[in-house]
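Asks: quick check, what structure comes out for this input:
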Amino acid sequence: MKLIIAEKPSLGKNIASALKASKRGDGFLEGNGYIISWAFGHLFSLKDVDDYLGEKKKWHEVPLPFFPDSFDFELKRDRKTKAVDTGVKKQFEILKRLIHRDDVTEIVNCGDADREGQIIIDIILDYSKTNKKITRLWLPEQTEETIISSMNELKDNSLYSNLHNEGLA
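Replies: As a prediction, the model looks like this:
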């Protein structure tokens, strides 16, 4: 079974409709040999400078330029409460559970056809820690015809590493 992860719910629903996957689950659609789920755009954001320093500082107190050893991501936080957004956390947990389902043999990155779309799904996959086969569904448009024909042209996700790197930059 292939798990297709779309960048946003509307794209996921268009893909599911084209592939005739209409059985509803919590945060996904399934049928015809596919599971289709989605992010809500960015589920992750870069950690704040405070997370790297281990203490709360104002930006004018941070020696610039500031370059951590590596840039790390975390689930998106609510701007007011600073707690992890509950909807984001729930959808990421759904995605993780689907990724690790025993009947899922391939995961299809279906972020939008740009660097941001590439990195949104790649980060989800990185933080889900999977060794399953990952391919890329490149959709220049969302017509049923394009979705079906593009499903026959899946390429290895690693071929999009330059796009991934652009997204990180």
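Asks: and stretch 31-40, what's its mean pLDDT?
Replies: Over the span of stretch 31-40, the pLDDT mean works out to 95.
Asks: ends of that stretch, how far apart?
Replies: Across stretch 31-40, the terminal residues are separated by 22 Å (CA to CA, to the nearest Å).
Asks: quick one: contacts of that stretch?
Replies: With CB atoms under 8 Å, 6 or more residues apart in numbering as the test, stretch 31-40 has contacts from 1-9, 11-13, 15-16, 19-23, 25, 27-30, 87-88, 91, 94-95, 98, 101, 104, 111, 120-121, 124. Yep, even glycine has a C-beta here, placed from its N, CA and C like the rest.
Asks: give me the buried subset of these.
Replies: 2-7, 9, 11-13, 15-16, 19, 21, 27-30, 88, 91, 94-95, 98, 104, 111, 120-121, 124 (16 or more other CB atoms under 10 Å).
Asks: what pairs with the helix or strand hosting residue 37, parallel or antiparallel?
Replies: Assessed by DSSP states H and E, residue 37 sits inside strand 34-38. The strands beside strand 34-38 in its sheet (DSSP bridges) come out as strand 2-6 (parallel), strand 28-31 (antiparallel).
Asks: run the chain-centre distance for the first one.
Replies: It refers to strand 2-6. Offset of strand 2-6 from its chain centre (CA atoms, centre = their mean, to the nearest Å): 10 Å.
Asks: from residue 42, how far out is residue 27?
Replies: 17 Å (CB to CB, to the nearest Å).
Asks: I meant residue 97, not that one.
Replies: Taking CB to CB, one finds residue 97 at 20 Å from residue 42.
Asks: show me the contacts of stretch 31-40 that map onto strands.
Replies: Of the contacts of stretch 31-40, the ones assigned to strands by DSSP state E are 2-6, 23, 25, 28-30.
Asks: where does the residue nearest the centre of the chain land on pLDDT?
Replies: Nearest residue to the geometric centre of the chain (CA atoms, centre = their mean): residue 121, 2.4 Å. Per-residue pLDDT puts residue 121 at 95.
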